[in-house]
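Student: Would you be able to build a 3D model of this:
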Amino acid sequence: MTTFVLVHGAWHSGRAWDRVVPLLESAGHSVHAPTLTGYGDQAHLLGPDVGLDTHVDDVVRLVEDEDLTDVVLVGHSYAGLVISSVANRVPERIGRLVFLDAMVPEDGETAADVIPFSQALIDQALASESGWRVPPLPETPAGLFGVTDPDDVAWLRGMLSDQPVLCLQQPAHLDNPAVRTIPRTHVHCTVGKPEGIERRAVPASDEVFELATGHDCMITMPRELTDLLLKLA
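Tutor: A predicted model of the protein is given here:
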């Protein structure tokens, strides 16, 4: 049995994994899909002091409280920053990092360093009435986060909530040498990549898979994503 921890991206909640969790569990694995502070059923905790460090604490607390080891830690999108810093904190508990169409930072980098487009979101939030709220990205011809089925779009839209700007401003930490020994896998979604967002080159030592779908592949291709994750179990 493998233990999977699935970490959702910005604006989403743990419900984003609803189609993947039962597939992994039916294959005999243990799965945790927490909702990070400020999203979903934790939306009442949303505030300007919630940031990347808060979300790292959320996942570290889960891993330690549940005494999880040899974890396959999956981070979608923004959560690439989260899982990187989690691995830096508790490398002895992580068996593999999976960057699911995710930001892949170096030590000390913020979201704006990894994806410069994020700086525009930061600037807009700081200039807004709230001074800190980053609303979900709008639907485009490529869908809502790559989701195009009308029923799925409606379900996803009901899940989304604002992102605190501090999440995009705080840096990831990768200064623990042990984190460099953890195997890494990248899953790239190849359909509908927004203009202005460039994917970083992947080190030759890292494993790479592709899914021919949009960004929220856990919604649009849950079976195919599960099959990839099962290869890592």
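Student: what is the mean pLDDT for stretch 155-166?
Tutor: Computed over stretch 155-166, the mean pLDDT rounds to 97.
Student: So for that stretch, first residue to last residue, what's the gap.
Tutor: 27 Å (Cα to Cα, to the nearest Å).
Student: Just confirm residue 187 is within a strand.
Tutor: Yes. Under DSSP: H, G, I helix; E, B strand; the rest coil, residue 187 falls within a strand.
Student: Hmm, residue 228 and it touching each other?
Tutor: Yes. Counting by Cβ atoms under 8 Å, residue 187 does reach residue 228; the two are 6.1 Å apart. All C-beta atoms are positioned from the backbone trio N, CA, C, and that covers glycine.
Student: Quick check on those two: which one has the bigger neighbour count.
Tutor: With neighbours defined as other Cβ atoms under 10 Å, residue 187 and residue 228 compare such that residue 187 has more, 21 against 18.
Student: For this structure, which segments count as strands?
Tutor: Counting by DSSP state E, one finds strands in the chain at the ranges 3-7, 30-32, 71-76, 94-100, 133-134, 163-164, 184-189, 207-211.
Student: could you dump those to a markdown table with distance to residue 45?
Tutor: As requested, the strands of the chain are exported to a markdown table (distance: least, Cβ to Cβ, whole Å):
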| stretch | distance to residue 45 |
| --- | --- |
| strand 3-7 | 17 |
| strand 30-32 | 19 |
| strand 71-76 | 20 |
| strand 94-100 | 24 |
| strand 133-134 | 14 |
| strand 163-164 | 10 |
| strand 184-189 | 29 |
| strand 207-211 | 32 |
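Student: mind showing which ranges of the chain have poor pLDDT?
Tutor: 196 (pLDDT under 70).
Student: Specify the angle between the longest helix seen in it and strand 71-76 in degrees.
Tutor: Determined from DSSP state H, the single longest helix within the chain is helix 52-65. If you take axes from the mean of the first three to the mean of the last three Cα atoms, to 10 degrees, helix 52-65 sits at 150 degrees to strand 71-76.
Student: Give me the residues contacting helix 52-65.
Tutor: 5, 7, 32, 34, 36-38, 68, 71, 73, 79, 81-83, 85-86, 89-90, 93, 111, 166-172 (Cβ atoms under 8 Å, 6 or more residues apart in numbering).
Student: got the contact list for the residue nearest to residue 32 when sequence neighbours are not counted?
Tutor: Of all residues not flanking residue 32 in the chain, residue 5 sits nearest, at 4.8 Å (Cβ to Cβ, 6 or more residues apart in numbering). Counting by Cβ under 8 Å, 6+ apart, residue 5 makes contact with 31, 32, 33, 34, 59, 62, 63, 68, 71, 72, 73, 74.
Student: List just the nearest of these to residue 12.
Tutor: Nearest to residue 12 among the contacts of residue 5, counting by Cβ to Cβ, is residue 33 at 10.6 Å.
Student: hang on, the earlier thing: okay, buried residues for the longest helix of the chain please.
Tutor: Across helix 52-65, burial judged by 16 or more other Cβ atoms under 10 Å covers 52, 53, 54, 55, 56, 57, 58, 59, 60, 62, 63.
Student: ok, and the closest non-adjacent residue to the fifth one?
Tutor: Put plainly, it is residue 56. The nearest residue in space to residue 56 (Cβ to Cβ, 6+ apart) is residue 85, at 4.4 Å.
Student: What distance do you get for the one you found to residue 222?
Tutor: 27 Å (Cβ to Cβ, to the nearest Å).
Student: picking that back up, identify the bridge partners of the residue nearest to residue 32.
Tutor: Legend: beta-bridge partners of residue 5 under DSSP bridges are residue 32, residue 73.
Student: that older thread, from memory the residue nearest to residue 56 sits against residue 170, does it?
Tutor: No. Contact criterion Cβ under 8 Å: residue 85 and residue 170 do not qualify, at 9.1 Å.
Student: Good, we can wrap up now.
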